[in-house]
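Participant: generate a structure from the sequence data that follows.
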Amino acid sequence: MNKRKYINTINIVTAFIAVAMFFSCNDNYKQVQKIGISENEPIGVAENINLKYTDSGRVTANLLSAKMYDYSNRDFPFNEFKGGLTLYVYDNENKKSTIVSDYGIVYDETDLIDLQGNVIITTHDGNVLKSEQLYYDQKREWLFTNVPVTFTTEQDIIHGNGFDSDSKFKNAEVLEVTGIISLEE
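Facilitator: Numbers count the residues shown, from 1 in each chain. From the prediction side, this is the model:
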């Protein structure tokens with residue numbers, strides 16, 4: 001009888017350990033992916049980027065950058081362009097606008113692009129926007145900033161503290177205008 005109680009006790013203990021191990025296991029796939037990768041380091045680095053975006057076989061944008069850092073391993077993922085970037089954007093008539101900046105960061109979850117340092121946008125029709133920082137909301141297709149800007153059109157050079165516009169510059173507005181210079185033809 002003692003032997004039978006001993007075997008039952010061992011079976012119960014074994015079953016208890018098995019159940020405890022079963023419930024203690026969880027999905028650690030994301031943690032396993034991060035093994036050997038510091039939270040502060042990029043998961044990847046790309047050099048001499050020449051990325052073309054297409055829609056129905058037509059090139060809509062062309063991104064050029066010396067170096068891109070991929071931080072998609074973060075809780076709030078982003079891509080960083082420390083060496084600056086140049087972006088050519090083509091409209092439906094294949095007219096090209098150019099965006100240049102010394103630094104850029106693209107936040108994946110919010111679709112927000114933050115351009116910094118010597119930001120210059122030259123539209124296909126000759127308008128030029130200059131600023132030290134500019135944001136672009138990809139979902140709303142909206143450009144904005146609250147730092148000093150210079151916006152040059154065919155008629156005027158407008159200085160101000162802030163800018164708001166749709167991506168096609170149809171509703172462009174310099175905020176807190178500090179000066180306007182009218183250009184003579």
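Participant: helix or strand: which one has the residue nearest the centre of the chain?
Facilitator: When the chain is reduced to its mean C-alpha position, the closest residue under C-alpha atoms, centre = their mean turns out to be Val106, at 1.2 Å. With the criterion set as DSSP states H and E, the secondary-structure element containing Val106 is strand 103-107.
Participant: now Thr150: how far from Leu183?
Facilitator: For Thr150, the distance to Leu183 (C-beta to C-beta, to the nearest Å) stands at 13 Å. Glycine gets a C-beta too; all of them are placed from N, C-alpha and C.
Participant: returning to what we had before: list the contacts of the residue nearest to the centre of the chain.
Facilitator: Taking C-beta atoms under 8 Å, 6 or more residues apart in numbering, we find Val106 in contact with Phe78, Asn79, Phe81, Leu112, Ile113, Asp114.
Participant: on that earlier part again, between Thr150 and Leu183, which one's more packed in?
Facilitator: For Thr150 versus Leu183, the count of surrounding residues by other C-beta atoms under 10 Å is larger for Thr150: 17 against 10.
Participant: residues in contact with the more buried one?
Facilitator: By C-beta under 8 Å, 6+ apart, the contact set of Thr150 is Val128, Leu129, Lys130, Ser131, Ile157, Ile158, His159.
Participant: residue boundaries of the strands in the chain?
Facilitator: Counting by DSSP state E, the chain forms strands over residues 44-55, 58-71, 78-81, 85-90, 96-101, 103-107, 112-122, 128-137, 142-152, 156-166, 173-174, 177-182, given from the N-terminal end onward.
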